[in-house]
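Asker: Here is a sequence together with a model predicted from it:
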Amino acid sequence: DTAVSQTPKYLVTQMGNDKSIKCEQNLGHDTMYWYKQDSKKFLKIMFSYNNKELIINETVPNRFSPKSPDKAHLNLHINSLELGDSAVYFCASSPPSARGAWVYEQYFGPGTRLTVT
Amino acid sequence: AQTVTQSQPEMSVQEAETVTLSCTYDTSESDYYLFWYKQPPSRQMILVIRQEAYKQQNATENRFSVNFQKAAKSFSLKISDSQLGDAAMYFCAYRSPPLQGGSEKLVFGKGTKLTVNP
């Protein structure tokens, strides 16, 4: 059973196009994330949502718009794609944490390799 | 802002030998969590081990153990009896203490590529 799934796994498109990446988790988690891994393998947070509410937005260009229709889904829409958007995008999820509770790991999806030509 | 530094871009080890991957971090918080993630060529991010900062005892998971030095802000990963399947990118990650009703991001180091030689 796939815990965190992403579609598509590979995406090749031209500059200027608009594309979406979908993410779904079947773990019952409240929190979901998008991370970007660049060509040098550096991973950085982009967004996080908690129960469909945007919590973290790490100064990502507004061409990137996350959308969470329900707490099991967090999609990433990218407008006017640029060469620099080429990367691997990871979705992740985790249960909510609270002081005194066990820390929960983040479960990652398989990643989507986006190539902009 | 918190930062995580992995000073070894690449490491290699002979099969069955032991290797240690370094990680240091910078934070002003006293309570936090640290993780090591493994990323094999399949690209999947896999949690290897985690450590709560308030725990003095070093975490261990089978052949994987950490040396957590809170005062020095150091969190190294030791892999014993290395296997060919251990070959991967290893990322050290920092996570702030949980916020009530919020979500917490991971701050990653730049990774160490581990090669295991037969």
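Answerer: That came through fine.

Asker: Tell me if stretch B:17-25 is near chain A.
Answerer: No: against chain A, stretch B:17-25 shows no contacts by Cβ under 8 Å from any Cβ of the partner chain, the least distance being 14.0 Å. The C-beta positions use only the backbone N, C-alpha and C, and glycine is treated the same way.

Asker: got a list of contacts for that stretch?
Answerer: Stretch B:17-25 has contacts (Cβ atoms under 8 Å, 6 or more residues apart in numbering or on different chains) with B:2-8, B:11, B:13, B:34, B:36, B:67, B:72-82, B:90, B:92, B:94, B:109, B:112, B:114.

Asker: contacting residues for the closest residue to A:Thr13 other than its chain neighbours?
Answerer: Excluding the flanking residues, the one nearest A:Thr13 by Cβ to Cβ, 6 or more residues apart in numbering or on different chains is A:Lys19, at 5.5 Å. Applying Cβ under 8 Å, 6+ apart, we find A:Lys19 in contact with A:Leu11, A:Thr13, A:His77, A:Ile78, A:Leu81, A:Leu114.

Asker: what about the nearest residue to the first one once chain neighbours are set aside, neighbour count?
Answerer: Read it as A:Leu11. Using Cβ to Cβ, 6+ apart and skipping the chain neighbours, the partner closest in space to A:Leu11 is A:Leu114 (4.9 Å). A:Leu114 is flanked by 21 other residues according to other Cβ atoms under 10 Å in any protein chain shown.

Asker: quick one: which of the contacts of stretch B:17-25 sit in strands?
Answerer: B:3-5, B:11, B:13, B:34, B:36, B:67, B:74-79, B:90, B:92, B:94, B:112, B:114 (DSSP state E).

Asker: and A:Gly84, that's in a helix?
Answerer: Yes: per DSSP: H, G, I helix; E, B strand; the rest coil, A:Gly84 lies within a helix segment.

Asker: which residue sits closest to it, ignoring its sequence neighbours?
Answerer: Ranked by Cβ to Cβ, 6+ apart and with sequence neighbours excluded, the top spatial neighbour of A:Gly84 is A:Val116, at 8.0 Å.
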